[in-house]
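sequence first, predicted coordinates after that:
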Amino acid sequence: MTSDPKAPGAAAVYLYREEREDDPDHFRSVYARIKVLTEQGKDAATVHVHYQKKFISYAAGDNSSQMGSGNANSWNAPDINHAGEDARVDTNANAGTVEVKAIEGRVIHPDGTVIPLTGSPADLLKIKNGHTQANEMTFSLPGVEVGSIIEYRYQVRYDRFNQAPEWQVQQRYFVHKAHYIFIPANQFQPNRNLTGGTAGLSNSAMLGDHGEIMTDIRSTNILPPGSAVKQDPLGNYFVDLTDIPAIPQEPFSPPMAAQIYQVNFFYTFTPDAKDFWQREMALWMTDVKQYTAPTATIKSTAAELTAGLTSPLDKAKKLYEMVEKFENLDFTKNGTPFTATDYVPRGSVETVLEHKSGNSEELAFLYLSLAKAAGLDARPERVTSRDRRTFSAQFLDTSQLDAVLIGVNIDGKEIVLDPGQKMAPFQTLHWSHAGAGGVAMAANGKVEIIVTPLQVNTDNTILRVGTLTVTPNGSVSGTLKIALLGQEALYLRQLAIQTDPETVKQKLESMIAAEVPNGIQVQIDHIAYLDDPDKQLLAVVPVTGTLSDHAGNHLVLPRLFFETKETDPFPSDPDRTLPVDMHYPAQEQERITYQLPAGFALEGAPQDATLKWEENAAYQLRSTTDAGSITTARILARGFTLLDPSEYGKLRDFYDKVATTDRQQVVLTAQHTAGN
């Protein structure tokens, strides 16, 4: 078997996959049986073990009135006043012991040869560190060949904790059959003995992060049509599935985390999503207010910075400029980008002000504190970065909210700021924070679902201008200026902080070299305003090389200097299923002048072109000529960020026309004079 009619072209397929979450015994087991169909499918031999970092029921031992089982291994049972019970683990530390154990596996060759997996978990596992701790381990099975069957099982153990499962039903390979089962904590099982046992009282309950009693189990499901999560008489949840398609691999797709088939369970204090977010945000805002309380130092700093300013917008901008100058610890060399935590930092923002440094979250809170001290109507907003996932209010987990922005009400209209994003100009959000969903508290104390403003194409502009002198043998020389505004400039400025200016120069040179004709050498002379986000990032680029072969008395030049290698970036896909995610709207402007060699004239007039695709994109190409030069101006503007998959064909058609138009050439002909 080297192909599967249910998954044409697949590198491998799951014959069977099973996951079992056993919260009373604190482990998750995974079993898989995979058929390798191609050389590429041999990658399935490397098994990625993902595990959650967030747990519930925070107890440091078994002797706790919060344990639902009533089966303590300590003789010192707690009394009604909870005396003698184990201490709660500090939730801010996100502590919890996770172990991958009971790893078994084998590879079965088509001739029946079996190669077992050998070695202890410590020898087999490789750990990949996440932002704060390891959250992925891998192990590899030996001797895999095309036609082999890979079979393995393992357990993830989380002693003395519970974690409602997150089932990723859709995998990178087609799944023929799958079975998932969740055995919830004892207190949610119908046969639980509420009064018996040597430990655990009748009032025992599972507690959440803030001490709230977990009373319900809720699930958020994205499943194939006809599939559903069911519950058996013992209170266990299960789902059986067949013929699950592989995760789509389509270019320019948004993150798949919130789109693939999945089941997410939550232990919760309420079955109502609105009540969940109201309570979570109320508790979070209590901590925020304490952390950002305007001390005398905060008040005096805000007053000093805004002295003489009467406009709320001017005040907001002045405070923003100061915070942006502070060292952002998330953007130091080898730093990691902004990832907010579920918990507000401890202490006070005055510490951040004193040290003139902090992580992105702390700097956002510092700006909030200064803004409120200056009399501005400001509030924190928690959003989900679009480069990670899409926010879902039905996904009852605050960890999806990984960014803190600040909304400031100016004359009845809210502007959203990103003070935790280093090098972001005032009112410029990182693209992953624009059009992002999240939650915030309204003035009346009610939680509201928010979506941050999307950007417009003029916010993100690349401008290329310059003059190039062409010689009779087709060589070219001159200087170009490339200006970047918006997200490209933000990316390069942050890269400079995390590495060095030379790395930025090399990166930009490689980007330019990929666009200009073959035979052209570009080497940036210098980059201006790399450390000034309020100005365009400007690269000055000397250009040399051969632009055209000299064929007889003709020179053939590309009409557009930067588009000679261009192709339609969107491959043919009549069955597109996912939205098109371009991250942000943008525009390109180009104005290049060719100084023609003496004795040559343009053969024919270039045809101008205008293309428009409804309200989504527009293109214009114009050339002007005189006796000694030709100047071509090009504008390509794309106004959308996300596009429905049904529009993919129109998108591809538009860009195919753009690429065809961009590849036009101009011909120069040597003029013969008397006696020559």
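Good, I have the coordinates. Numbering: from 1, shown residues only.

how about low-confidence regions in the stretch 151-300 of the chain?
159-160, 191-205 (pLDDT under 70).

and the helices in it?
273-291, 296-305 (DSSP state H, counting those that start in this stretch).

equivalent analysis for the stretch 501-650 of the chain, please.
Counting by DSSP H, counting those that start in this stretch, the helices of the stretch 501-650 of the chain are 501-513, 648-662.

follow-up on the earlier one: let me have the helices of the stretch 151-300 of the chain in a markdown table, adding mean neighbour count and distance to residue 111 as columns.
The way it works is simple: take the backbone N, C-alpha and C, and place the C-beta from them, glycine included. Formatted as a markdown table, the helices of the stretch 151-300 of the chain follow (neighbours: other CB atoms under 10 Å; distance: least, CB to CB, whole Å):
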| stretch | mean neighbour count | distance to residue 111 |
| --- | --- | --- |
| helix 273-291 | 17 | 55 |
| helix 296-305 | 15 | 74 |
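
sorry, back to before: and of the helices of the stretch 501-650 of the chain, who's closest to residue 41?
Closest approach to residue 41 among the helices of the stretch 501-650 of the chain (CB to CB): helix 648-662, 28.0 Å.

tell me which residues in the helix or strand just after that closest one are buried?
Downstream of helix 648-662, the next assigned helix or strand under DSSP states H and E is strand 665-670. For strand 665-670, the buried set under the neighbour-count rule, 16 or more other CB atoms under 10 Å, comprises 666, 667, 668, 670.

try stretch 388-406
Applying 16+ other CB under 10 Å to stretch 388-406 flags 388-393, 395-398, 400-406 as buried.

next one: stretch 455-470
455, 457, 459, 460, 461, 462, 463, 464, 466, 468, 470.

now intersect the residues you listed with the strands, please.
Using DSSP state E, 461, 462, 463, 464, 466, 468, 470 are the members of the buried residues of stretch 455-470 that sit in strands.

hey, where'd the strands end up in the stretch 101-250 of the chain?
According to DSSP state E, counting those that start in this stretch, the stretch 101-250 of the chain carries its strands in the segments 114-116, 126-129, 134-140, 149-157, 166-168, 174-183, 216-222, 230-231, 237-244.

do you know which of the ones you listed lies nearest residue 276?
Residue 276 sits nearest to strand 216-222 of all the strands of the stretch 101-250 of the chain, at 8.5 Å, using CB to CB.

got the contact list for the closest one?
The contact list for strand 216-222 (CB atoms under 8 Å, 6 or more residues apart in numbering) reads 164, 184, 188, 228-229, 237, 259-271, 392, 394-396.

cutoff 10 Å now
164-167, 169-170, 182, 184-185, 188, 227-229, 231, 235, 237, 239, 258-273, 276, 392-397 (CB atoms under 10 Å, 6 or more residues apart in numbering).

make a markdown table out of the helices of the stretch 501-650 of the chain and add mean neighbour count.
Converted to a markdown table, the helices of the stretch 501-650 of the chain look like this (neighbours: other CB atoms under 10 Å):
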| stretch | mean neighbour count |
| --- | --- |
| helix 501-513 | 15 |
| helix 648-662 | 18 |
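
quick one: those helices as CSV, columns for distance to residue 610 too.
Below are the helices of the stretch 501-650 of the chain laid out as CSV (distance: least, CB to CB, whole Å):
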stretch, distance to residue 610
helix 501-513, 27
helix 648-662, 10
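
turn the helices of the stretch 151-300 of the chain into CSV, including distance to residue 532.
Below are the helices of the stretch 151-300 of the chain laid out as CSV (distance: least, CB to CB, whole Å):
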stretch, distance to residue 532
helix 273-291, 31
helix 296-305, 19
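
closest to residue 482 out of the strands of the stretch 101-250 of the chain?
strand 126-129 (37.2 Å).

same question for that closest one, mean pLDDT?
Taken as a whole, strand 126-129 has a mean pLDDT of 62.

ok, stretch 504-514 next?
Averaged across stretch 504-514, pLDDT comes to 94.

not counting residues beside it along the chain, what's closest to residue 108?
residue 149 (4.4 Å; CB to CB, 6 or more residues apart in numbering).
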